[in-house]
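Asks: All I have is the shape, not the residue letters:
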């Protein structure tokens with residue numbers, strides 16, 4: 001076996017070893033990257049989940065408590081004032097009583113000029129919530145806002161405009177649902193001082 005042949009074999013072995021080292025290093029780097037990325041994604045999902053829960057809580061109070069009470073004739077400031085004693089929460093009215101009444105009882109085109117219609121809930125919200133959390137975590141700010149109102153096919157009196165004529169009294173007659181108003185609501189929650197931790201929800205609510 002001549003010297004050149006031995007050197008060629010050693011050179012081939014060296015190239016093979018270097019290739020294996022390169023491939024192994026790439027696999028290890030990819031594993032570390034995926035683990036790191038997975039941790040980041042898990043953290044982001046957790047942050048969004050917490051912010052989303054805050055938004056859902058804001059929807060519950062805004063749509064099921066504040067809006068029905070205001071439609072019943074109370075001013076927004078009066079309704080919001082009744083929630084002052086909610087544990088771990090501060091509720092404030094940002095819209096005026098007149099503007100909120102317009103949003104509740106008039107189609108969007110007929111709102112007064114001062115009523116905000118922008119889809120950004122944090123821009124001129126109707127109601128804001130400050131939800132405190134366990135220290136040292138910063139509280140959540142929740143912004144709720146009606147951005148569109150469509151007049152329905154009824155009113156708020158509770159009287160169904162239907163009779164018991166020959167057709168409507170027949171078995172199998174389908175009665176249409178009656179909705180006085182349909183609202184589009186925007187809800188945004190965000191960690192106070194950290195706008196990267198937030199969740200935005202849009203709700204279509206038929207009263």
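Replies: Nice, thanks for sending it over. Every value quoted in this text rests on a predicted model; they were computed, and no experiment measured them.
Asks: could you list every residue that touches the residue nearest to residue 80 when sequence neighbours are not counted?
Replies: Leaving out its chain neighbours, the residue that sits closest to residue 80 by Cβ to Cβ, 6 or more residues apart in numbering is residue 93, at 4.2 Å. In this view, the C-beta of every residue, glycine as well, is placed from N, C-alpha and C. Residues counted as contacts of residue 93 (Cβ atoms under 8 Å, 6 or more residues apart in numbering) are 76-77, 79-80, 100, 126-127.
Asks: 10 Å instead, please
Replies: The contact partners of residue 93, by Cβ atoms under 10 Å, 6 or more residues apart in numbering, come to 66, 70, 75-81, 83, 100, 125-128.
Asks: who does residue 202 bridge with?
Replies: residue 186 (DSSP bridges).
Asks: Tell me if I'm right that it and residue 147 touch.
Replies: Yes: the pair residue 202 and residue 147 passes the contact test of Cβ atoms under 10 Å, sitting 8.5 Å apart.
Asks: How many residues are close by the residue lying closest to residue 150 once chain neighbours are set aside?
Replies: Leaving aside its chain neighbours, residue 150 sits nearest to residue 182 (4.5 Å; criterion: Cβ to Cβ, 6+ apart). Applying other Cβ atoms under 10 Å, we find 15 residues neighbouring residue 182.
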